[in-house]
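K.L.:
quick one, what's the 3D model for this:
(chains A and B)
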Amino acid sequence: MDNLIWQRVSPWSLVYFVVHFAFRFVKDGVFNLLPIMVVFVTQVEDKLFWGQVTVAVAIVGLLVYSFAYHINFRFCITDEHEILLNKGVFKKERLTLNFLRVQNVNITEPFYFKPLGLVNCIFDAAGSTSQEAVLPGVTTQYAEQMRERVLAYKETQQQTEAKQQLEATHSNEPQQCLVLSNKEVAKFGLMSNMAILALAALAPFMNAMLEFLETAVINRLESFYQQEMGTLVDAAALAVFSILVLVVLVAVLLSVLMSLIRFYNFQLYFQAGKFKRIAGLLERHQLSVSLDKVQSLLIKQNLIARLLKRYTVQCLQATGGGFSAGAKSKQSLVMPVLTLEQVKQVYQWVHPWLNLTGVDFKALNFKGAEKALLIKNLCFYALLPSALIAVMGYAGEGYSPVYSLLCVVLLSLLVYLSYRRYGYYFYHYQGRYYAVFRSGMISAHYRVFELYKAQSTCAVSTYFMRKSGLKSLSIQLAAGTVTMPYIKAEQADEIIDFILCQAESEQRSWM
Amino acid sequence: MFENHQLDVLPQHQQIVYKPLANKALLHAQLNWLLFYLPLTAILGAVCFFNQEFAALAQTSLLIGLPIILVISLVYNVVSIRLKGIAMREHDIAYRKGVIWQQVTILPFSRVQHTEIHRGPLERKLGLASLRLYSAGGMSADLNISGLNHDDCKNIRQFIQKYTEARQTVNSIDKENSDDVLATDESANG
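P.N.:
Alright, predicted model coming up:
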């Protein structure tokens, strides 16, 4: 262990550390600091002065910490094919990562390294972000060389994979490619609900903001409207309305901006069972995902996406738990906006059978849930809340039966839509068994997975369900759970038996 | 269930005969419940004793309500424990539970990521243990079976460990043999 040659990263990587820690502080720390910020906004008198002091202290602290981190950061590539990392300021850490455990070597090029020709070299380890090793600010050649070294070592060690790789190159499969224009990517901003998240983060400051708005903007707008339109309309209401429109517009703009940052110049390649995706504005992030590792394919279309005739496709990988279930994680491959044609193209790579069956997965012959689900949901989610509203309204003043009628109609409609969406479909193709599960209300979700990837199965039934021979089915996958409520008991049993049989007899590894 | 494929006869999970939990499981459930319930009653009683206003307001409803809740929960526990059952098959483990929502979970041994045996002070006194089996993607334990004999627990865990080890060795041998087959298969699908 004495003859290890410890290397430092280039001084330029200091920039990476500063950005990295600033980003992490914003991401992890801001929510913890929210109470303090609320106190600051509401209580502190000389906001400008103390604000400047705080920001200055934070920046100096960040710089000092990053510098100390840079000093302590050393790495070493041993002969035993391991990457050793020494890092940490207050808590020293030694990370040991064997080449064999490296899933992939990702190379990212942040915008601040572009003029220097430097890149970040990221060694991805089996799914967990805390275990990945990052070498910041190394030259492109070095990163490429590292990648080759790791992959070459892995190939010699894993004979099976090497052979497969060889086979793939021999068959000389053409590389498939999918490119999204930035105009398309911007549409994802409209479709995703990131804007709502941004608004939620602002909630604690709403009071202060509204006060400010009232004094600064609304009053002026009000007088403006009064001048222009006279007293025809309520000027104050109009002013508030325009502010609301403005807020929504800003939110949408923000959302578009965020999706552009994430998916700028989106390029997706597929070759020999492997996806490679390159995207990002500030940081070109390269992600490769092997098709074997994809646990299930999620095809989503929400209301706005439906109007735009676009789909979002996600390749979900195994997660270590946690409630986000990998949907937002770095490891899951997201194809943000695809037209139906492009979705079909992706199918052609991943699940060729989907195209064989019926051109459009909407045309698949889904089997739905039983009527009992509709009746139960109508009772519990439409009639019961409406009755409650009626009772409460009766006790209060100014109650009109129209409200509860409206409530019943609206809720019943939603319940009906969600009931109609539930569906499942099984298909057998070249000795492999696949399932598609559909759910949603206004939006539609399709989960496509190979049956043997199931982790466990669960059947639930109440007394009344057993009386009418029904069961709810849920299948746990390594990337979230798939449920199908209220289907015929014998059908559910058959599905469970078959899935278990697949999971237990299939020799291929699910991971 | 498949439009394009006729299924062969499968082993049917409806025919599983479930084994009830350990004899002392019911005692454990009742004691566990009482350990929560009695202190709660004591606190409410103390509040009534010291705070006359509160007593005047809530005494009668508490005097009627609390015993009813106690009896119902004790009966519920009996039914709940009676309905619980566990069964081991050749390749998987099944667990049935639930009074209102009856639930049957089946977890193949090959999908078990890790196992845990949990014993609280009460369980240690009674010679019981809880078995927790985790698979990938779940938020918490996929199977959390409490009220098993400690020895049974250890046996199940050992069985699962042996199963996974055996499967791994079989897999590695199989892999070497079927490499060529696999490769052609892959290319046909890629």
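
K.L.:
how is the chain divided into domains?
P.N.:
No chain specified, so I'll use chain A. Annotated domains of chain A cover A:7-171, A:174-350, A:371-420 [automatic domain parsing].

K.L.:
wrong one, I was asking about chain B
P.N.:
B:25-82, B:86-180.

K.L.:
please name the residues that touch A:T481.
P.N.:
Counting by C-beta atoms under 8 Å, 6 or more residues apart in numbering or on different chains, A:T481 touches A:S474, A:I475, B:G137. Every C-beta, even on glycine, is put in place using the N, C-alpha and C of the backbone.

K.L.:
give me phi/psi at it?
P.N.:
Main-chain dihedrals, A:T481, degrees, to the nearest 10: phi -110, psi 140.

K.L.:
how far away from the center of its chain is whichever strand or helix holds B:R82?
P.N.:
Assigned by DSSP states H and E, B:R82 falls within helix B:52-83. Its chain's C-alpha centre and that of helix B:52-83 lie 27 Å apart, by C-alpha atoms, centre = their mean, to the nearest Å.

K.L.:
and the next helix or strand after that helix, what does it pack against?
P.N.:
For helix B:52-83, the following helix or strand on the C-terminal side (DSSP H and E) is strand B:85-88. Judged by 3 or more C-beta pairs under 8 Å, 6 or more residues apart in numbering or on different chains; DSSP states H and E, the packing partners of strand B:85-88 are strand B:92-97.

K.L.:
the strand it packs on to helix B:52-83, inter-axis angle?
P.N.:
Per axes from the mean of the first three to the mean of the last three C-alpha atoms, to 10 degrees, the angle that strand B:92-97 makes with helix B:52-83 is 140 degrees.

K.L.:
what is strand B:92-97 packed up against?
P.N.:
On a contact count with 3+ C-beta pairs under 8 Å, 6+ apart, strand B:92-97 meets helix B:52-83, strand B:85-88, strand B:102-108, strand B:143-149.

K.L.:
partner strands of it, parallel or antiparallel?
P.N.:
Strand B:92-97 has its sheet partners listed here by DSSP bridges as strand B:85-88 (antiparallel), strand B:102-108 (antiparallel).

K.L.:
just want the angle from the longest one to strand B:143-149.
P.N.:
When the same axes, to 10 degrees is applied, the directions of strand B:102-108 and strand B:143-149 differ by 100 degrees.

K.L.:
residues making contact with strand B:102-108?
P.N.:
Residues outside strand B:102-108 that contact it (C-beta under 8 Å, 6+ apart): A:455-462, A:466, A:496, A:500, A:503-504, B:13, B:83, B:91-97, B:133, B:135, B:142-143.

K.L.:
drop anything exposed from the contacts of A:T481.
P.N.:
Applying 16 or more other C-beta atoms under 10 Å in any protein chain shown to the contacts of A:T481, the neighbour count classes A:S474, A:I475, B:G137 as buried.

K.L.:
just put those residues in TSV and tack on distance to A:H81.
P.N.:
Output for the buried ones among the contacts of A:T481, formatted as TSV (distance: C-beta to C-beta, whole Å):
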residue	distance to A:H81
A:S474	42
A:I475	39
B:G137	31
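
K.L.:
looking at those residues, which are in strands?
P.N.:
Taking DSSP state E as the definition of strands, the buried ones among the contacts of A:T481 contribute A:S474, A:I475.

K.L.:
pick the most deeply packed of the domains of chain A.
P.N.:
Comparing those by mean neighbour count (mean count of other C-beta atoms under 10 Å in any protein chain shown), domain A:174-350 comes out on top with a mean of 16.

K.L.:
follow-up on the earlier one: would a markdown table of the buried ones among the contacts of A:T481 with pLDDT and distance to A:A395 be doable?
P.N.:
Converted to a markdown table, those look like this (pLDDT from 0 to 100; distance: C-beta to C-beta, whole Å):
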| residue | pLDDT | distance to A:A395 |
| --- | --- | --- |
| A:S474 | 92 | 40 |
| A:I475 | 92 | 45 |
| B:G137 | 72 | 47 |
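
K.L.:
backbone dihedrals for A:A272, both of them.
P.N.:
Backbone geometry at A:A272, expressed as degrees, to the nearest 10, gives phi 50, psi 50.

K.L.:
distance of it relative to A:L178?
P.N.:
In this view, A:A272 and A:L178 are 16 Å apart by C-beta to C-beta, to the nearest Å.

K.L.:
what do you get for A:H445?
P.N.:
Counting by C-beta to C-beta - A:H445 and A:L178 are separated by 22 Å.

K.L.:
quick check, central residue of chain B?
P.N.:
For chain B, B:I145 is the residue whose C-alpha lies nearest the centre (C-alpha atoms, centre = their mean; 2.9 Å).

K.L.:
okay, now the unreliable bits of the stretch 51-200 of chain A?
P.N.:
Filtered on pLDDT under 70, the stretch 51-200 of chain A yields the residue ranges A:125-131, A:158-174, A:193-200.

K.L.:
can we see that at 50?
P.N.:
A:127-128, A:162, A:170-171 (pLDDT under 50).

K.L.:
what ranges does it have for its helices?
P.N.:
A:140-157, A:159-171, A:182-191, A:194-202 (DSSP state H, counting those that start in this stretch).

K.L.:
who's in contact with A:L180?
P.N.:
Counting by C-beta under 8 Å, 6+ apart, A:L180 has contacts A:F263, A:F266, A:Q267, A:L268, A:M335, A:P336, A:V337, A:L338.

K.L.:
okay, and which of the residues you listed map to helices?
P.N.:
A:F263 (DSSP state H).

K.L.:
and stretch A:416-430, anywhere near chain B?
P.N.:
Yes - judged by C-beta under 8 Å from any C-beta of the partner chain, stretch A:416-430 and chain B are in contact via A:F426, A:Y427, A:H428, A:Q430.

K.L.:
ok so the second one is a strand residue?
P.N.:
Yes - assessed by DSSP: H, G, I helix; E, B strand; the rest coil, A:Y427 belongs to a strand.

K.L.:
wait, it sits on A:F366?
P.N.:
No - using C-beta atoms under 8 Å, A:Y427 is not in contact with A:F366; the gap is 11.6 Å.

K.L.:
between the two, which contacts overlap?
P.N.:
Both A:Y427 and A:F366 are in contact with A:V436, where contact means C-beta under 8 Å, 6+ apart.

K.L.:
before we move on, back to that, make a PyMOL selection of the buried ones in the contacts of strand B:102-108.
P.N.:
Restricted to buried positions by 16+ other C-beta under 10 Å, the PyMOL selection for the contacts of strand B:102-108 reads:
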select buried, (chain A and resi 455+456+457+458+459+460+461+462+496+500+503+504) or (chain B and resi 13+91+92+93+94+95+96+97+133+135+142+143)
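
K.L.:
check contacts around A:F40.
P.N.:
A:K47, A:W50, A:G51.

K.L.:
CSV for the residues you listed, including distance to A:S223?
P.N.:
Shown next, in CSV, are the contacts of A:F40 (distance: C-beta to C-beta, whole Å):
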residue, distance to A:S223
A:K47, 28
A:W50, 34
A:G51, 31
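
K.L.:
now the residues you listed in JSON lines, with distance to chain B?
P.N.:
Formatted as JSON lines, these follow (distance: C-beta to the nearest C-beta, whole Å):
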{"residue": "A:K47", "distance to chain B": "42"}
{"residue": "A:W50", "distance to chain B": "42"}
{"residue": "A:G51", "distance to chain B": "41"}
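
K.L.:
just give me the closest of these to B:T164.
P.N.:
Checking the contacts of A:F40 against B:T164 by C-beta to C-beta gives A:G51 as the nearest, at 57.8 Å.

K.L.:
that older thread, so which of the domains of chain B is the most surrounded?
P.N.:
domain B:86-180 comes out most buried of the domains of chain B by mean count of other C-beta under 10 Å, with a mean of 17.
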